[in-house]
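> any chance you can model this:
(chains A and B)
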Protein chains: 2
Amino acid sequence: MMTLTNSVLEGNRLALAHLLTQVENDSSEGRAALAELFPHTGKAQLIGVTGASGTGKSSLVNQLALHYRKTDGSRKRVAIVAVDPSSPFTGGAVLGDRVRMRDLSGDSGVFIRSMATRGSLGGIAQTTAALTQVFDAAGFEIIIIETVGAGQSEVDIARLAHTTLVVEAPGLGDEIQAIKAGILEIADVLVINKADRPGVENTERALRSNLELAHPTQRVFHHHGRSMSVTAPATDSKLWIPPIHKTVATEGKGIPELAESIAKHAAHLHQGGDWAARDRARLGSELEAVLGEALMTRFHETVPQEQYDEIVEKVLSRNLSPWEAVKSLLNGSSE
Amino acid sequence: MMTLTNSVLEGNRLALAHLLTQVENDSSEGRAALAELFPHTGKAQLIGVTGASGTGKSSLVNQLALHYRKTDGSRKRVAIVAVDPSSPFTGGAVLGDRVRMRDLSGDSGVFIRSMATRGSLGGIAQTTAALTQVFDAAGFEIIIIETVGAGQSEVDIARLAHTTLVVEAPGLGDEIQAIKAGILEIADVLVINKADRPGVENTERALRSNLELAHPTQRVFHHHGRSMSVTAPATDSKLWIPPIHKTVATEGKGIPELAESIAKHAAHLHQGGDWAARDRARLGSELEAVLGEALMTRFHETVPQEQYDEIVEKVLSRNLSPWEAVKSLLNGSSE
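This next block holds a predicted model:
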């Protein structure tokens, strides 16, 4: 056991890959290693990236990773956790990995992990949190958590990140724009990717008006800039106004400016004390989730299976409501 | 308290609306009433309807409801629970309600309830289950649970239903078709709505080949039918092969045939014993969810807040991992 966590801490990629699998499978080896690695966490910057399919989100994440690997990106080590909650059954993540290999393979400072989603959504957010802790302990300074879509799952996963990017693209249709109204409320930075496509002005206009709905008390900062260059809001402002960036990820356009906004947001969080607050909220809800699981396990260990099955039958025959059943089970177990 | 549940059982709509709000808010009044109503549940047929926005899903649900209200639909009482997990913050459901009022208002045999989604996803599925129980006890014979999208939330909510419809429409783009590959595995009946639009053949072809991927051991039944009429598979077959229906909901086309397929699926479930199995799975997981909540509540009542806060601080300072923290908390509480 000591060997595995030590190997991960020393930067062994095979050990890291092995541990990630153990953590994803929630094995006892994975749990023990996570506990050992936990004191080494808390250093990474977590960046959430969410957006509908068709926005070129994965290319954008790749380009961001490439940027952080360069000198002007401080040659940071980058981990990518790609979560796809819209494919609960089929492992759609595999193809994405192949595409990615071309750009980022052979660079030992980058590690990409795709997660096919299984089980409950609480489970997805919890497993994602555990994977980021492994990367954090293993010395990855930037951890990008990528999710597809605009549902509750993305919101839950976004809560894990320090900075959340919401990615749009021109021409995905008004209906998709409308869906996004909710997701905008979790955006720290907005990105219009594929900004060389027609309709980019409409997308920007729609985003800006939705953003004003989502942040009614804030005056949305209007960016004037030549082509892809965008002025980010000043970090000394108390309010963070989500900037809107235009990028063409396939050509690398707008990426350094985007990275700059992400850095400014991190500085903003540190200045206002929100960095620590986000950490506290994340670890607090993780603790609650682990506690809930442990309580359930302990309960099933102490209540005889026959007693449980008997109660379930009474519920199925509608003689006992689930609430009454639980009351009766808890009275039994606390004796 | 007796008055509220009695009023609901007697068909009082105001009492029903009040109780639904109490249940959605998880109030103690709502919980008590649910327990009283539970013995009256188990009679309704639960139909899940899911599909991306833009498929005309809500119109389809309205038309199905209208059909069940007619003589050839046996004049059944219909409840609609509309869940929109893609708008976690904004109450987007309100507009949908307004549009619906035109078709279905004034009919006391129809009740529509929209649910803006809050909190965790487990919570959404749990609240939806509770709302369907209220409608079931109140004598609604058909309960349609409508969800947007193709994420984990829809899969969870689909598990509540006896029969799940997945709705598509022509021209929503290949990317959306690809996303749907996972959701097809939960489909009992497939619907191509807006079937008068160009591209319907492509949509049908894509659905059929995805369906073959999702059900590899089944030969997908190829329907030949004139315009909207589709032959549903025989109910005496052991395997249920999801039929593909073409509808134009705005004109009511294909709706009776769709309702017939839904009825055949219900008969199929009853014949093979799957109706009881789905009931058992649904109530079993509901019991687990209620139990989990109750265990958590009891835990926080028995462990002093100061002890809990102290442990949280140790986690935040990375001196204790969440797993070790839970172990220490549980040892304390079992003394």
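> CA only for contacts and neighbour counts going forward, please
Noted.
> poorly predicted segments of chain A, please.
In the predicted model of chain A, residues A:1-2, A:84-105, A:116-123, A:149-155, A:172-183, A:213-238, A:332-335 satisfy pLDDT under 70.
> domains in it, as residue ranges please.
In terms of domains, chain A is parsed into A:1-32, A:41-278, A:288-333 (source: automatic domain parsing).
> most packed of those domains?
domain A:41-278 (a mean of 19; mean count of other Cα atoms under 10 Å in any protein chain shown).
> how much space between A:V248 and A:E257?
Applying Cα to Cα, to the nearest Å, the value for A:V248 to A:E257 is 12 Å.
> just checking, which helix or strand succeeds the lengthiest helix in chain A along the chain?
Taking DSSP state H as the criterion, chain A has its longest helix at helix A:274-302. Downstream of helix A:274-302, the first helix or strand assigned by DSSP states H and E is helix A:305-316.
> who touches that following helix?
For helix A:305-316, the external contacting residues (Cα atoms under 8 Å, 6 or more residues apart in numbering or on different chains) are A:320-322, A:325, A:329, B:279-280, B:283-284, B:287.
> doesn't A:G48 belong to a strand?
Yes. The assignment for A:G48 is a strand, going by DSSP: H, G, I helix; E, B strand; the rest coil.
> hey, what's it bridged with?
A:I145, A:T164 (DSSP bridges).
> which residues does it contact?
Applying Cα under 8 Å, 6+ apart, the residues contacting A:G48 are A:144-147, A:157-158, A:160-165.
> where's it relative to chain B, distance?
Relative to chain B, A:G48 is positioned 18 Å away (Cα to the nearest Cα, to the nearest Å).
> tell me which residues touch A:K194, please.
A:55-56, A:169-170, A:246-249.
> now for the contacts of helix A:305-316: which two are most distant?
Spatial extent of the contacts of helix A:305-316 (Cα to Cα) is set by the pair A:L329 and B:D279 at 20.8 Å.
> possible to save the domains of chain A as CSV with distance to B:G73?
Below are the domains of chain A laid out as CSV (distance: least, Cα to Cα, whole Å):
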stretch, distance to B:G73
domain A:1-32, 48
domain A:41-278, 33
domain A:288-333, 28
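> can you give me the strands for the stretch 151-300 of chain A?
Using DSSP state E, counting those that start in this stretch, the strands of the stretch 151-300 of chain A run over A:163-168, A:189-192, A:244-246.
> could you do the stretch 1-150 of chain A as well?
Going by DSSP E, counting those that start in this stretch, the stretch 1-150 of chain A shows strands at A:45-51, A:78-84, A:110-116, A:142-148.
> show me which residues of the stretch 201-335 of chain A are close to chain B?
Counting by Cα under 8 Å from any Cα of the partner chain, the residues of the stretch 201-335 of chain A lying close to chain B are A:279-280, A:283-284, A:286-287, A:290-292, A:294-296, A:312, A:315-316, A:318-326.
> of the contacts of helix A:305-316, which is the nearest to B:V189?
Comparing the contacts of helix A:305-316 against B:V189 with Cα to Cα places B:D279 closest, at 19.1 Å.
> count the neighbours of the closest one for me.
Neighbours of B:D279 under the rule other Cα atoms under 10 Å in any protein chain shown: 16.
> what residues are up against it?
Contacts of B:D279 (Cα under 8 Å, 6+ apart): A:L316.
> check A:L287 too.
Per Cα under 8 Å, 6+ apart, neighbours of A:L287: B:312, B:322-323, B:325-326.
> before we move on, what about A:L295?
A:L295 makes contacts with B:292, B:295-296, as judged by Cα under 8 Å, 6+ apart.
> what does A:T55 give?
A:167-169, A:193-194.
> tell me which two in the residues you listed are the farthest apart.
Within these, two members stand farthest from each other by Cα to Cα: A:V167 and A:K194, at 10.0 Å.
> can you map out the helices along the stretch 51-200 of chain A?
With helices called from DSSP state H, counting those that start in this stretch, the stretch 51-200 of chain A shows them at A:57-69, A:93-104, A:121-137, A:152-158, A:174-183, A:200-214.
> roughly how far is the first one from the heart of the chain?
This points to helix A:57-69. 15 Å (Cα atoms, centre = their mean, to the nearest Å).
> quick one: that helix near chain B?
No. Under the criterion of Cα under 8 Å from any Cα, helix A:57-69 makes no contact with chain B; the nearest approach is 13.4 Å.
> ok, residues contacting that helix?
Taking Cα under 8 Å, 6+ apart as the rule, helix A:57-69 contacts A:49-51, A:73-78, A:96, A:100, A:103-104, A:109-110, A:144, A:146, A:167, A:193, A:249-250, A:252, A:255-256, A:259.
> related to what we said a few turns ago, angle of the longest helix of chain A against helix B:274-302?
110 degrees (axes from the mean of the first three to the mean of the last three Cα atoms, to 10 degrees).
> chain neighbours aside, what residue packs nearest to the closest residue to chain B within the stretch 201-335 of chain A?
The stretch 201-335 of chain A approaches chain B most closely through A:R318 (4.8 Å), counting by Cα to the nearest Cα. Leaving aside its sequence neighbours, A:R318 sits nearest to B:P39 (Cα to Cα, 6 or more residues apart in numbering or on different chains; 4.8 Å).
> ok, A:H270 next?
Using Cα to Cα, 6+ apart, the closest residue to A:H270 is A:A276 (7.6 Å).
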